[in-house]
Every structure is written in C-alpha cells, then in structure tokens.
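**Student:** Sequence and computational prediction follow.
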Amino acid sequence: MSQKVTKAIFPVAGLGTRFLPATKSIPKEIMTLVDRPLIQYAIDEARAAGIEEFIFVTSRGKGALEDYFDHSHELEASLKARGKAELLKVLQATNMDSGAIAYVRQHKALGLGHAVWCARRLMAPDEPFAVLLTDDVILGEPPCLQQMIEAYAETGGSMVATMEVAPEKTSSYGVLDVAEDMGAIVRARGLVEKPPAGAAPSNLAVIGRYILAPTVMQNLHHTQEGSGGEIQLTDAIADELAAGRDVFGLRFRGQRYDCGSKAGFLQATVAFGLAREDLRDEFSEYLDDIRAATSRAAE
C-alpha cells in the first residue's frame, strides 16, 4: 500500500513578466480568475486531495501572497456585525490554520527542479509529496490531484498528470516515452524535456501536477543544469526510471488552462465563469451578444 501524501509544494517564486504591468505590484498568483486568485484554486484542489501541509517556495516581493492566507479579523468582524453570513463563509474558506503553511525562499531563478529542492529541509527522507504549479488551473470533477492520489494508491512510485497535445506543440512540454498504456494510467519508459519538433517519443505532455517519491528529492541534489540552463524537475524524475523505479502518467479527466499566458487566462475566465451557476445565464447571454455583433460586423 502506498504511503499517504499529506504535503504539497507550490513553486511560486516566478516574476510573472508575461503579465506586466499588473505584476509590477502584485504577485501573479494573486491575480483573480472570476473572483478567486489563482493560488486559491490550487489550495482548494490540494485540500480536496487530502493535503494537510502546504509549502510555498517564494521570492522577494511575494508578501501579498503570504498575507492572503492570514486571518482578517477586522473584516470578519465587520461582515458578522452586518449580517453578511454568506460573504463571511466565503472569506473564512480562504483561512489556513496556524502552522499549515510554510514559506521558503528561492534566491536564484534556477528552474522548477531547483525550486522543489529548496523545500528539501521540510520533507522527511522517506516522505512522498505533491507538487502543484499554479499556472495550470484545471476544471475537473473530482479535482485533478484527487484523481492522481486515488491512482497513486494503486500504483505507488511517482506519478505525473498528462494530457495529449498536438505533435507540433510537444516542444513546449516535458513528454512521456510510454512503455505500457493501460488506459487512464500509463507506465513511463522515459521523459524528455521540450524535445525538438518531430523528435517527441509521444504526444503525452506532462502538466503541472506531480506526486513524487522521496527519492526524487534526493535526485535533485545531483541533478545538473538541463534544458534552458535550468535544473529541470523532469530530469530528476527521469533518474527514477534510470534507477529502475516506477513512474506513471495519469490521463486526468478535466480541462487544463494555461494561466501563465494571457490567452489561457482569458480562456479560463470564460470557462470558469460559465461553470458558475450564479453567473452562467447572464454571462452566456453576454457572450451570445458578442458573437452576434461579431458576425454582423463581418458581413
């Protein structure tokens, strides 16, 4: 039986330069998708999967991100006094228990693998852990990480979330070399980080959800700079395969949105807006009006 996963690492040290000038004053992870910041979606997904301890790998200028999870006693008291029970419930859902969150600094931008390695002192030597990238927002039921936890309970080893992409887009992702395709779960033979066009071993791309064996953290101690001159998490996972340990990919059920890009953020806004019962009718009507106006303009 696989060891229970109770800790998750959130690498949030990036500068968010693709969203300047907004990210000049606020962390990208605080940017709101409908009415919740990106980081809240990741936290809610982790909570649903049974994660109990949350480790944020941050950098200078991320104070607003840390403040977001503090209790706002004045605001809570004001809402309570005014009888705003529903708003109070929404606010309290963002609170985190004392000690549930830990923060570590990544002082140099040396890649995702290095960011994960920065959390090494908060992990037990024999402890599996999850990694969630907040840029990847996933609309799925049950949530993606919960699907992975359920699959991991059967397989053990390490597991990555995967999705099929067009062959011409594989050079933007880490890609699985598949040894055995079992449907929703595939057994990996290898992983290649951003393979050149036409050289990808499959079209199964790795996206920002991972459940990793403790040996992956040990591998990161020795991982050298890889693609882009950075320490790649993909390389440390590939070392698992080289050592004869299992790595699996899960074709998760749901839709992933790349909120690290402006187009992806806009697409996610539409999808999550339409998924909300309190917004769906009005928002859908507006989108229909936009489409109709666009069609008339094109005639």
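**Tutor:** That came through fine.

**Student:** I'd like the distance between residue 23 and residue 248.
**Tutor:** Residue 23 sits 35 Å away from residue 248, taking Cβ to Cβ, to the nearest Å as the criterion. All C-beta spots, glycine's among them, are computed from the backbone N, C-alpha and C.

**Student:** low-scoring pLDDT stretches of the protein, where are they?
**Tutor:** Within the chain, the ranges that satisfy pLDDT under 70 run 1-2, 224-229, 299.

**Student:** what are the ranges of the helices in it?
**Tutor:** 38-48, 63-68, 73-81, 85-92, 112-117, 144-155, 214-220, 233-242, 262-274, 280-298 (DSSP state H).

**Student:** Among the ones you listed, which comes closest to residue 188?
**Tutor:** Nearest to residue 188 among the helices of the chain is helix 233-242 (6.3 Å), distances taken as Cβ to Cβ.

**Student:** Now tell me what touches the closest one from outside.
**Tutor:** With contact meaning Cβ atoms under 8 Å, 6 or more residues apart in numbering, helix 233-242 is reached by 111-113, 116, 131, 157-158, 160, 174, 188-193, 206, 210, 212-213, 215-216, 219-220, 223-224, 226-227, 246-247.

**Student:** do the same with stretch 101-114
**Tutor:** Outside stretch 101-114, the residues that touch it by Cβ under 8 Å, 6+ apart are 11, 13-15, 53-60, 66, 69, 115, 118-119, 121-122, 133, 220, 223, 225-226, 228, 230-236.

**Student:** Quick one: buried ones out of the residues you listed?
**Tutor:** Neighbour-count burial within these applies to 11, 13-14, 53-59, 69, 115, 118-119, 122, 133, 220, 223, 226, 230-236; the criterion is 16 or more other Cβ atoms under 10 Å.

**Student:** Now residue 143. Nearest residue, chain neighbours left out?
**Tutor:** Nearest residue to residue 143, sequence neighbours excluded (Cβ to Cβ, 6 or more residues apart in numbering): residue 45, at 4.4 Å.

**Student:** how many neighbours does the one you found have?
**Tutor:** Per other Cβ atoms under 10 Å, the neighbour tally for residue 45 reads 23.

**Student:** which ones are touching it?
**Tutor:** Applying Cβ under 8 Å, 6+ apart to residue 45 gives the contacts 132, 138, 143, 144, 145, 146.

**Student:** Between those, which sits nearest residue 264?
**Tutor:** Closest to residue 264 out of the contacts of residue 45 is residue 138 (11.9 Å), distances taken as Cβ to Cβ.

**Student:** what about the closest one, distance to residue 271?
**Tutor:** Using Cβ to Cβ, residue 138 is found at 11 Å from residue 271.
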